[in-house]
Every structure is written in C-alpha cells, then in structure tokens.
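# Quick one: sequence and predicted model below, then my questions.
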2 protein chains.
Amino acid sequence: MAIVVQKYGGTSVGTIDKIKNVAKRVAKRKKSGDEIVVVVSAMGKTTDILMGMAEEISQNPDRRELDMLMSTGEQVSISLLSIALKELGYDCISLTGLQAGIQTEGSHTKARITDIEIENVRKHVTEEKIVVVAGFQGVDEKGNITTLGRGGSDTTAVALAAKLNSVCEIYTDVDGIYTVDPRLFSTAKKLDYISYEEMVEMASLGADVMETRSIEIAQRFNVPIYVALSTEEWPGTYIKEFDDSMESKVITGLSVSDDDIMITINHVPYGARNISKIFQSLALNDINVDMISQTAPFNGYINISFTAPQRDKFLIDGVLEEIKADLVGIEVDVEEDITKLSVVGIGMKSQSGVAANMFKIFADNDIEFKQVTTSEIRISYTINTNDKEKAVVAVAREFNL
Amino acid sequence: MAIVVQKYGGTSVGTIDKIKNVAKRVAKRKKSGDEIVVVVSAMGKTTDILMGMAEEISQNPDRRELDMLMSTGEQVSISLLSIALKELGYDCISLTGLQAGIQTEGSHTKARITDIEIENVRKHVTEEKIVVVAGFQGVDEKGNITTLGRGGSDTTAVALAAKLNSVCEIYTDVDGIYTVDPRLFSTAKKLDYISYEEMVEMASLGADVMETRSIEIAQRFNVPIYVALSTEEWPGTYIKEFDDSMESKVITGLSVSDDDIMITINHVPYGARNISKIFQSLALNDINVDMISQTAPFNGYINISFTAPQRDKFLIDGVLEEIKADLVGIEVDVEEDITKLSVVGIGMKSQSGVAANMFKIFADNDIEFKQVTTSEIRISYTINTNDKEKAVVAVAREFNL
C-alpha cells in the first residue's frame, strides 16, 4: 500500500465545481490503489474576505483571534471536499489541524510545526479512508489554534508526507518549476527535476511556486515532491535529492524578486556587539533578513546593507527607530525600488567563473548592482527594479535557461 | 464578583457594525463590574450560505461533515467579536466549543450536551478576561466537532450559566415573552415573569423565542434567564422558578404552531407491541413526536394520531412505508394543513373548567378540532390552519391575554 499526500491550493478549490473536480481526481487515484491524504487550502479569495472583515474592525487585529478567524477557511474546504468524496461513494474523513495532530510553536499567524501526532491520520489511512486535512493550521501547546503563515499548506503537506514516509504531490496553478519565471522570460524552460538544494535557493529568492520552509522539511526527511498543474495536462517537476539522472548544468535557474526592500546603515561604530544588536532586534520582530553585505571597517566604522520583506516595512521602521536611538550617529537609508536577481545551480560547486561571467553581463548591459552575496550554489545581486527586464533577458540568454 | 452569561443571536451579530455594537454593550457591562461570558451565534445568514454550498454538492450531505462546515460560522463570529473587544481595549479570549469544554453525545447535527469541562472558561474568567464562546457547537468523545441543532446557542449559554452558577441573559430580536405571538394578536401583553414550567410548555408548543431544551436545563439547574431585545430599548421577560411575586392567572399564554403535520394510522391491530413498533421506528430516526392521541380499541383495532415536525416529513414518509410493510391492512393518512393551538398556565393546576371553556369557544365559533391532549398545565388542540386566526382571537379575548 503506497501512501500519497496530495495538496491542492486555493485556486484549485476556488469554486464548488472545482471542489467537485478535485474530488473526482482524488477518487480516481484512490481507485488505482493508492491510499490518499489530501491537504487543502481555503477556497480562492476566502482569506482576503476574512481579513477584510477583521480590518473593518481593527487596523491591527489581535493575532490570536486572526488565527481563530483564518483557520475557518480551510475548515470549510475540507468539509466540502469530504461531502463531495462521500457523494462519489468514497469513505473519507476531514480533519482540522488540531485533529490531524499538527503541533506548532512560535507566534500567531506565523507558527512553525514542531511535530505531528500522526496516529489519528494513520488510523484512518489504515481503515482505507481518504483523509482530508486542513492545511495552513495547527494548535499550540496551550490548545490555541495557530496558522503557519505564507506557504503554510505546502508545509502541512510535506510534514505529513515526512511522517507517513510518503511522496508529496503539490497541485497548483503553475505547471512546474521553470529556469526563469515565464512571465519575465517567455522562452524559459521547464525543469523535469531540480534538487532540494537548488529549490531552496530558488524559493528563498522569490520563485513563487513553493516556500523555502516546505522544501527544507522535504530535504531533511528526504520527501520526494512533485509539482504540477491541478489539471495535470502535462508533466510537472520533481524536487528530490540530487542524483546522476539530473542534468548537470552549471546554472539551473534564475530567480527574481521584487518583494524586498534594501536597508543600508552607514557609519556604525565597528564592533560585533553593535552589529549583533541590529540583527537581534530584527529577529525578535520575526523579520526575515536576507542578503547581508558588510564592508570592511574604515576609520573604526563600517557600512552594512541587508534586504528584508517589503510586507514587514512597518515593523522594520520601528526597529530602525530603536536602533537610531541606541547607536547615535548612524545614518539609515531605505530603498524600496530594488530587485533581487539570483542565479542558482548545483554545478557552481565544481565550476568557477560564474561570478566573473555575471559581472561581465552587467557591465555589457549598463546595469548597476548595489549588493552581491554568494553561497556555494548561488550568486545574488540587488539591482534597480528599472533594470530588471534587461537583466533577466541578458542572464537567461547567456546561460541558455 | 458576579458572573453573567450573555447570548447574542445571529441577527444581533449580522453585520460588522452590529458586532461592534455588541462589543460596546459587552464592554459597558464589564466596566460596571461584572465578569462576562458571551455566547454568540453565526452571523446572520451564514448558516444558510454554508448549507447552500453543501447542498450544491450533495442532496443529502454527510452529517459529520456538515457539523465540520457549520461550526465555522460561530468561529468567525467569536473571533470578530474578540477583535472588536480588544480594539476597545478590553482583555478577552475567544473559545470554540471544544476549547470551552462542551462535551456532547448523540447524532451529528443534533447532538446533546452531556457535560462542560468548565476549567478553561473559569480560568479565563478568573483572570478577568471577557470570554467569548462559540454557541451551537461541541465535541464528541472521539474528538469530532458536533453541532447542537435548533436553539443550540441558547443551550450553550444556559449550560455554561448552570456550570458557572450565574444568570443567563438572552439577547435577541424579540423583546420578551408574550401571552400570544404579537404577529397573530396585536394587543397581546408582554409578561414580566414566566415560570420555567410554563415556558417549557410554551416553547415546546411553538413560541419561537427559545427552544424547550434550553429551558429544561435552566429549570433543572435553577438558572434565571432574562430575555430581551439586544438593543435593550425596554424591559424584557424573566424566566425563573415560580414564586408568589408572579401573577397567578389561570392562563398565562397561548401558543400557536404551524410547523407540524398530523399523521393518523387507522385499523391498527390492538396490542402494545404494534404501537410500540411504530413509535420505536420514529424515535430511531430522531423524529420528535408530539400530541399522541389514541382511541379505545374497537373490534380488536385502534386508531392513533400524532403530530411531528413538518421538516422531518421526508424521514416520516420513510418510516410510514416501513410500518405499512410490517402491519398489513393499516391505513395511513397525513394532514399537512394543521395548526396546534395550546393554552398554558400554572393556574390550571388548581382551577378546573378551562377545558369546558375552550370547547364552548370552539363551538360558538364553528371551529372543528381534530385532536385534544392535556397536561397538568396545558391543553392543546389540533385544528385546520384555516381556522387559526379566528381561534386565536376568540381564545385570547376570552382569557384576557
């Protein structure tokens, strides 16, 4: 008996008819002999509607109560999908995050899964029921309902697959992983395979398909992921451990993100304590800092730049005010019109020259960059958003993406 | 510290503005020094919308999944009301049925409260938080979400008040208990007080204000109930143990209900086993039978009539088919255009002549009745719905209601 965890996103269950279609697909797969756990998101625009109601009451709604509110979205989806599956004559049961044993910790609206008490799900699977689990939600140690934040339903699906030693299939409105976002570079190629390592970099760099955290869990527990269109009109992409069957290109993909802002702090008195203070404050506010670049000290002072999510701007501004009060004399600059552009490829581990190549492309095309950071398998640049199109086309052509 | 349980129905929380108003009222009461537990229903037409979605998928949606679906309605209300209370600066917490410890048993969509594990609610009350509890829902011994059926939120409120030794205030869109439904008899008088016993009879006979089951719990645990308009423009009605302060009229009220159908089964072979078989089948299908009247056996056969809810007609038809197959030779007749009319009054215990009086009213007004049943404090009649208005006016005038 093979167990499969399937996940359907909000668009795939956006209407009653779409829910009926998902039910038919799940039923067909079940008939073929697999045991199925289905994870679903809230229907289409439900989350926006609920958020709108909360914001009509308060500009800064209580986060515990937001989780209580938002979690109803998936609860509606799982019950409707289960009604549809029963209508087709299949035995099934819907489970909320709590009932599925999804344990979480951390702050409301962005909780993290700590463990899954898998017994209840497994019991129903053993009884050959289709188990329909609410994505995006869990429960903390005090019994409060929590939600997992962005990409939460993917995380639920991958974590369940890890516990069940099964594969995880993510059905969505994109048909796989591309070398470059096809909206930016229309001749971009779809990948048949991508390694976890590359996908983590791509995701963290703005590839919209999946969030980093779910790929990280998949990598840790070696859960094979298959990403495809929910209509399955054509084959999708496998995300899995790197093996020889994968093509070994130097550059697998190009990620582009406009979702960040760049903060530069100049004239910081040199010293680990000061730098630490800045990033501690950011971490305490759950702000996900990326692309930190620091210049060497000069006359006892350093300059430091980093990027952080645009959506946290309000929080970041608060932290910067604190830092200014604390480190007198520093100068803070925030740039909003920036784009992060990164090339990712496991082949970079063994081949050099990618950085040199990139600098040449930028020079040849008159593109200024503000920051450069590198890891073993990626190089990232911060550029002006104005230069985005030009840069994407130049890089994609150069590396044949 | 006095604890008050307040309940606000679906109309009272029907829009975001109404939720804000309820928050203001609750906050004002809290400020006056009381500790408050608020029970809320789903917003306005939410239940109908959710039911509509389920019925678009299945004509007979699975009942466990319906409970999963319907319970989201109250979860939305409690979170929004809590956000509103926090916005006003009051500490509060929302609790689902499960989190509030509402234990239930019995069938899905019409579960019964068996007990409340009150510790969690009490803990938050002790911390001086306003506790906002989802009405209408609970959890069964297996952890499934259940709903309590008609009048479920009232039942939640009264049961919580029983556990907390507090009073229970029901805020609704009617301003109290009337001697007769004011829509049927415009000069009907509002009662300042009514006893549990009378209210149980009135409720079970169709007075729309509260369901019988919640009054029965109030009576068993001696929970004083206050029913009033949610705007509290004028005083409502107290439901409590009968005492000397209440006026001792022979007839307190007149209840009228068009919600039932009357089933007559003729030519049943006389014998307790046969009668029992009929009512066992009805009970197994959770059909609430009322007003049973049976004639004395004649030539070894009896005729029997009873009323049952119109909404269960589909189920009843099924049971009647079974019975016909089992008791060959019986004749079954179903009348849909019937009205139940009942006079209720604790004074009837000590005064006779009400029945005689009623028969005379019917005769004087040319009203035929089909069934008569009596209890210690009420007499009920089944009449043609055509005669309803005439009968209400005649009876209300006679007893000065």
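Okay, I see it. Numbering: from 1, shown residues only, chains lettered A, B, ... in the order given.

# Name the residues of stretch A:285-305 that come out as buried.
Neighbour counts over stretch A:285-305 (16 or more other C-beta atoms under 10 Å in any protein chain shown) mark A:287, A:289, A:290, A:291, A:293, A:302, A:303, A:304, A:305 as buried. Quick note: C-beta positions are derived from backbone N, CA and C, even for glycine.

# So what's the residue count around whichever residue of the stretch 301-401 of chain A sits closest to chain B?
Chain B sits closest to residue A:314 of the stretch 301-401 of chain A, with a gap of 17.8 Å, by C-beta to the nearest C-beta. With neighbours defined by other C-beta atoms under 10 Å in any protein chain shown, the count for residue A:314 comes to 8.

# Quick check: it is in a helix.
Yes. Counting by DSSP: H, G, I helix; E, B strand; the rest coil, residue A:314 is part of a helix.

# what's the spacing between it and residue A:279?
Distance, residue A:314 to residue A:279, using C-beta to C-beta, to the nearest Å: 19 Å.

# next one: residue A:99
Using C-beta to C-beta, one gets 39 Å for the distance from residue A:99 to residue A:279.

# which helices and strands sit right next to the helix or strand residue A:121 falls within?
Using DSSP states H and E, residue A:121 maps to helix A:119-126. Judged by 3 or more C-beta pairs under 8 Å, 6 or more residues apart in numbering or on different chains; DSSP states H and E, the packing partners of helix A:119-126 are strand A:35-40, strand A:92-95, strand A:130-134, helix A:152-164.

# do the shortest one and chain B meet at all?
Yes. If you take C-beta under 8 Å from any C-beta of the partner chain as the test, strand A:92-95 does meet chain B, through A:93, A:94.

# Specify the next element, helix or strand, located C-terminal of that strand.
strand A:102-105.

# And that following strand, what's buried?
Quick answer for strand A:102-105 (16+ other C-beta under 10 Å): A:102, A:103, A:104.

# picking up where we left off before, need the helices and strands packed on helix A:119-126 in TSV (columns: distance to residue B:232, mean pLDDT and mean neighbour count).
TSV is the format used below for the helices and strands packed on helix A:119-126 (distance: least, C-beta to C-beta, whole Å; pLDDT from 0 to 100; neighbours: other C-beta atoms under 10 Å in any protein chain shown):
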stretch	distance to residue B:232	mean pLDDT	mean neighbour count
strand A:35-40	43	97	28
strand A:92-95	40	98	26
strand A:130-134	39	98	28
helix A:152-164	42	96	26
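
# Please identify which of these is closest to residue A:266.
Distance to residue A:266, taken as C-beta to C-beta, is lowest for helix A:152-164 among the helices and strands packed on helix A:119-126, at 37.3 Å.

# any idea which helix or strand comes after that closest one?
Next helix or strand after helix A:152-164 toward the C-terminus (DSSP H and E): strand A:167-172.

# Pairing partners for that next one, with directions?
strand A:3-8 (parallel), strand A:225-229 (parallel) (DSSP bridges).

# Could you list the residues in contact with it?
A:4-9, A:11-12, A:154, A:157-158, A:160-161, A:209-210, A:218, A:223-230, A:232 (C-beta atoms under 8 Å, 6 or more residues apart in numbering or on different chains).
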